[in-house]
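*Asks:* Only the shape, not the letters, is given here:
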């Protein structure tokens, strides 16, 4: 998710506004509202009567969004839900077809900066990593119970960690002595398993922590599920903008857009990336990629990613 700390603008904000083209009277859905940064800009640009439905799985993020967006009154509505439940939220709130929908994937700076959430090893905290802390397995549950082979596979697949087998072996050996409870516990074990990376610029635990977060929150499954729902929720001409931070996410979006060219006009032949100025201001924006497509018509139902795989689409 974008950096929505008060000290920073959300990632790719200018590009998102150019993509969604907010206008008076328009209706927009921010599927990953975070602290409200993108929604605030959309509401400003669509004054005086554009509206936004903001969705987020994290109730603490929605509290921040509510404070940020309070000045817009009834022009904004916030709902706690995972974005994979987009169709359910739209039906429950009687939301009309949208002029624009935004997905800003991943984890926000706000979440990373809270040790109690367990997303980062920069400060010690409980090994949690759930976007919605009221449900699901924690990262501690995963590293303390998953068989070694399964653990290695998820670290390799979701973290693209070349030393995934070493990391999984170290975790399994250490958890016999005592279960992992904190981010520091896990980071130390990973550092012991991964050979030194002088000059590489990333901590040895970075890829494994990313993999665990993606797995715990089923982020790729959620993305595959929401894309057809988002297209179905757009007006003809409505635009879908997706910001990804991981090559697997970007690949899913790219393939979905290409496989739905009868229903979508792809507006970004190559993903848009942050300017050098934005990257200097916010280093997390360096990995951000924005893809945009517009709904062409109200034709046939949009197939799911799994259905596309079945027929061999790419």
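*Replies:* Structure received. Since we're looking at a predicted model, the values are computed, not measured.

*Asks:* you'd agree residue 15 is up against residue 267?
*Replies:* No. With contact defined as CB atoms under 8 Å, residue 15 does not count as touching residue 267 (11.2 Å). All C-beta atoms are positioned from the backbone trio N, CA, C, and that covers glycine.

*Asks:* Give me the more crowded residue out of those two.
*Replies:* Applying other CB atoms under 10 Å to residue 15 and residue 267 shows that residue 15 carries more neighbours, namely 21 against 16.

*Asks:* residues touching the more buried one, list them.
*Replies:* Taking CB atoms under 8 Å, 6 or more residues apart in numbering, we find residue 15 in contact with 272, 290.

*Asks:* how is this protein carved up into domains?
*Replies:* With domains defined by automatic domain parsing, the chain comprises 13-110+219-310, 132-216.

*Asks:* pLDDT value on the residue nearest the centre of the chain, please?
*Replies:* In the chain, the centroid-proximal residue (CA atoms, centre = their mean) is residue 105; its distance is 1.7 Å. On pLDDT, residue 105 comes in at 92.

*Asks:* List the contacts of it.
*Replies:* By CB under 8 Å, 6+ apart, the neighbours of residue 105 are 1, 32, 219, 223, 242, 243, 244, 245, 246, 249.

*Asks:* Show me these that map onto strands.
*Replies:* 242, 243, 244 (DSSP state E).

*Asks:* With neighbour count and distance to residue 287 added, can I get these in TSV?
*Replies:* Conversion of the ones in strands among the contacts of residue 105 to TSV gives the following (neighbours: other CB atoms under 10 Å; distance: CB to CB, whole Å):
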residue	neighbour count	distance to residue 287
242	30	14
243	31	10
244	23	9
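
*Asks:* Of those residues, which is the nearest to residue 291?
*Replies:* Proximity of the ones in strands among the contacts of residue 105 to residue 291 (CB to CB) peaks at residue 242, which lies at 5.3 Å.

*Asks:* Contacts only, for that closest one.
*Replies:* Per CB under 8 Å, 6+ apart, neighbours of residue 242: 102, 103, 105, 227, 253, 290, 291, 292.

*Asks:* and which of the residues you listed is nearest to residue 188?
*Replies:* residue 105 (28.8 Å).

*Asks:* sorry, back to before: who wins for most neighbours among the contacts of residue 242?
*Replies:* Within the contacts of residue 242, residue 102 tops the neighbour count with 29 neighbours, counted by other CB under 10 Å.

*Asks:* On the pLDDT front, check that residue for me.
*Replies:* Here, the pLDDT recorded for residue 102 equals 98.

*Asks:* now residue 78
*Replies:* pLDDT for residue 78: 97.

*Asks:* Mind listing the residues bridging to it?
*Replies:* Under the criterion DSSP bridges, residue 78 forms beta bridges with residue 54.

*Asks:* how near is it to residue 239?
*Replies:* 22 Å (CB to CB, to the nearest Å).

*Asks:* So for the two, which sits in the more crowded spot?
*Replies:* More crowded of residue 78 and residue 239, by other CB under 10 Å: residue 239, with 22 against 19.
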